[in-house]
Each structure stands twice: as C-alpha cells, then as structure tokens.
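> let me see the structure of the following:
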Amino acid sequence: MKVRLLPLAMLLVFFLGLVSCASRDDNTEDTTTPLVEDNTSDSETKEQPVFLDKKFDGYVFTILQTGSWNYDEFTAEGFIGDVINDSKYERNIRVEDLYEIKINTIVATGASGNGLNYIQKDVASGSGEYDLSITGGYETCQMAYYGMLNNLQALDYIDLQRSWWDDKCTADLSVAGSTYFAVGDYSTNAFDCSYCILFNKDLIKEYGFEDPYELVRTKKWTYDKFEELVLSVYVDLDADSKASGGDQYGLIVWQDSVFGMLNAAGSVVGSVNADGMLTLQIESEKNLNLLTKYINLCAGETVININKNSSLDATNMFANAQGVFYTRYLASVRHLREYDVNFGILPYPLLDSNQDQYHTSVHSYGISMLGIPISVKDVDRSCAVAEAIAYFSQDTVRIAYYDINLEGKFFTDSESAEMLDIILETRIYDAGRFYQIGNYYSSLLSMFNAGNTSLSSYFTKNRRMAQEDIKKINDAYDALISN
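Take a look at the predicted model:
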C-alpha cells in the first residue's frame, strides 16, 4: 500500500466522477465511468492486476467483517453525496460488474474475538458460508497459525507485492515465509489505526514553543524535545489546588502510547527474523531506559492519563485547549470534526537525532485484516475478488479517505498533509503485539497506569511465557507449510 499525494486535477476528476454517477439508475444498464480517468503516458501506465477471466452469474459473494472496533468497509447506500460512502459504492460497483457478482456483507464488529468463532464454526462444518473474512488483528493472527486461513503466497489471482496491498504488513507479520492475511487500500480502518500525536496550534503559539512541523522536518522532533515541551505546561484552571480534569496539561495521554513510543524508537516487542521465525525483541537497555523515562513523565503533574479516570472525555478536553499534545491514532482526527479547534498532527518522536527515520505504530487491537478461509467454495474466485477490491480501492476509497476526506476536510494546512505522509509511510506492525506473545501488552499497560517502572522484573516475569508462545507459533507455521 504505497502512500502518496495525488494532484489536484485528479482529485477534481474524483469529485466530478461522483457527481456524474449520482444519477445512475440501478435498473438500467451501468454506464458508470471511473472516478479517476487513466490519462497517463505509456511509461506511467497504471499498474493492473491479473484478472480472472470468468463471470459468476450473479453469485452472492459474502464478506464477514468482525473486530474490536466498529467499522464497515463495504456497506454503501447508493450515491448520496457523502465522499466516503460514494467511493465505497463506486468501488463495489466496479468489482460486481467485473465478475458479475453481488457483494453481501455480514457485519459483526465491536466485539473482540468473535471472528475466530465465526470462522472456526464455518471451517468445522465445511459450509463455506464466507467467501472472504476481514477480522480483528489478534484473532486473524490466531486463525493463521491455527490453519484456518489459506496461504495467500501460494494462491493465484492475488499478489501481495502489488501497490494496493500494504507491504509492511506482509513483511512484519509473515512467519516461515508464508502469509495468511493482508491489509490493503480497501481498508479505512487500517488508516484509522495509525498512531499519531495531535497538538493544539494556538497553545503552541501562546507558549512560544518551536514550530513542531519544523522540528519534524529537521529531525529535532526527538523524545527529549517532546518531554521538554510536555514538562513546560500545567495550569490549575479550576483553581482547586489539585490536578484534575478541569486543568490544562502539557499532554493528554492514552495508555497504549507507551507502545507507540517504544515503536517510534524503532523497537518492537517481537519481530520476524531473517530466517522467517518469530523472535523476542523487547528486552534491551535502550528499551528499558526509554520506557522508564516515558512512564515517569506520564506519572507527573504535567500529564493527565485518560485511562485512569473513566469520566474523562479526552476529545472534549483537547478541543477545549486543556492539552498542548494528545497521543492517540488517526481515528481521533475524525472525532474532532464537531469541535472548533485549531490543531495539527505529528508522528511520534525519534528516540534521538541519530535515528534514521520516524516510525508509526499500527493499533493491533483496533485493526482488522483480510483472509481467505480454507472453507471457501472457490479459492480462485475469492482471490480474484479480493484483488479487485483492493485494486479498485486505490482510486476510490483511498483517495476519498486520505486525500479528500482527511486532508481536505479536517486539515487546512499543507504541513499536516506532509505529516500524514510521514505517519502512513513509516508504519510498524509489531509482531510481538499482534501475536500476543507473553503477557507484555496487558502487564505493561498496568505498569504504565500505575507509574510503575520495575521494568527489569517485568522483562523477567514475561520472558518464559513469551518464549513458550513463540515456540508454539513457530512450530504451528512450520507444520502448516510442511503439509
């Protein structure tokens, strides 16, 4: 999934395409034109997939959507003038017309782990009820090494090396040289799950801080600079002589940002090594020092932790200028659309200026990923439709979400668009978190919220369980590719 800005002319064509399609009568022959015309030169001919030369005579193609977050990648009620809805509808039409199918979606989102139950029952019964699954990050990884999904690398009509698929997901999470799931341009949910730091532009100016955008560009946006700015602000706005939800802070912090800061330094809980095996990576002096500093910072007076008090409304606090910075993910940008607040976005900071690039966490809890269950009735059909969905999403859904909706609707400055490029181009899929090795995730969140920096014992306590988990997962993948 190659992230790139598109020229204004192309975006105008997108809008005109939606307008021209809005009058389409579904009872007449489809004369829909592409939202983006292919007018490139021969040397810039648009990349295309290998299409399956077959029609399916109105087959109802069923896609299961599950996951911890509430989302829906496919449902669209015709052309209604909403850019995201209309882009999904246009994409769906193209896919349906290409293969003469009808896309049917089963949406069961908002509950962690239910996708595993759906697919487990389908595989056990052999019913083949679902042609495609898009399921939560944790459960998708489990389904992969449980042997419930097809190895996409071994199938025809789907090519994960193409630009409409996220090559970082494939590289970071593929074990034993096999890939059982993917993320691509079809997924607005995947964009939403990218970590970022929001900042209040007015407060930056009021406190005379350096321009954060320039700090990012010059690689001076480091952890130490971030900490320096956060420590500079605390105001007892409600004059009750204690830190509370009515005050102003240097940082409004979300508990998962502790992993965001770890990943931002180029570190991970676990990764896939050169031999294709899952390995433990979190234990290092570098990580211990960084996590200690960040936990101590966030336990201090200039930071308010939204997870320690369920009554706190982080979005409202940030919109009311009660935080200079706010750590979250891109979905939070849309949550701010009803507020009048002058804000920008940043990547998480470098560990120091010697770090070669920024790194962005992908939220393993919130994201959902695409797989093809082993129970599908026609593997070629499922692969071909999945490829078409991702391919046609490049100049419909992806443009609508990224270039028009997010940048054009919520950001008014070119700098935020520049930061958005950095965030989405530098994403990390932390294999240790996605495969849930050990008890690192929940135990570190508990330590973070308690201000507990006993990290050496944390590493030791979780090591044995993590190593057992890693062996189990590696062995399971080895067994799958051996069969």
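
> elements contacting the helix or strand residue 103 falls within?
Using DSSP states H and E, residue 103 maps to strand 101-109. Contacting strand 101-109 under the criterion 3 or more C-beta pairs under 8 Å, 6 or more residues apart in numbering; DSSP states H and E are the following elements: strand 59-67, helix 83-99, helix 114-125. Glycine gets a C-beta too; all of them are placed from N, C-alpha and C.

> is the nearest residue to residue 116 once chain neighbours are set aside in a helix, a strand, or coil?
Of all residues not flanking residue 116 in the chain, residue 139 sits nearest, at 4.1 Å (C-beta to C-beta, 6 or more residues apart in numbering). Put simply, residue 139 is helix when judged by DSSP: H, G, I helix; E, B strand; the rest coil.

> wait, residue 269 sits on residue 279?
No - counting by C-beta atoms under 8 Å, residue 269 stays clear of residue 279, with 10.4 Å between them.

> so which of the two has more stuff around it?
residue 269 (27 against 18; other C-beta atoms under 10 Å).

> distance of the more buried one from residue 341?
34 Å (C-beta to C-beta, to the nearest Å).

> what's the answer for residue 236, then?
22 Å.

> what do you get for residue 224?
27 Å.

> which residues does residue 105 contact?
62-65, 72, 74-75 (C-beta atoms under 8 Å, 6 or more residues apart in numbering).

> output the below-cut-off pLDDT ranges for the stretch 201-350 of the chain.
By pLDDT under 70, the stretch 201-350 of the chain contains no weakly predicted segment.

> so which residues of it form strands?
234-235, 248-253, 270-272, 278-280, 303-305, 323-329, 343-346 (DSSP state E, counting those that start in this stretch).

> let me have those in a markdown table, adding distance to residue 79 as columns.
Formatted as a markdown table, these follow (distance: least, C-beta to C-beta, whole Å):
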| stretch | distance to residue 79 |
| --- | --- |
| strand 234-235 | 48 |
| strand 248-253 | 39 |
| strand 270-272 | 43 |
| strand 278-280 | 45 |
| strand 303-305 | 44 |
| strand 323-329 | 30 |
| strand 343-346 | 30 |
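
> for residue 189, which of these is the nearest?
Evaluated with C-beta to C-beta, the strands of the stretch 201-350 of the chain place strand 323-329 nearest to residue 189, the distance being 10.8 Å.

> relative to strand 248-253, how tilted is that closest one?
In terms of direction (axes from the mean of the first three to the mean of the last three C-alpha atoms, to 10 degrees), strand 323-329 departs from strand 248-253 by 10 degrees.

> what is strand 323-329 packed up against?
Packed next to strand 323-329, using 3+ C-beta pairs under 8 Å, 6+ apart, are strand 195-200, helix 223-230, strand 248-253, helix 257-264, helix 314-319.

> helix 257-264 and that one, what's the angle between them?
Going by the same axes, to 10 degrees, strand 323-329 makes 80 degrees with helix 257-264.

> note down every partner strand of strand 323-329 and its orientation.
strand 195-200 (antiparallel), strand 248-253 (parallel) (DSSP bridges).

> would you reformat those strands as CSV and include mean neighbour count?
Listed next are these as CSV, based on neighbours: other C-beta atoms under 10 Å:
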stretch, mean neighbour count
strand 195-200, 24
strand 248-253, 25
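
> that'll do, ta.
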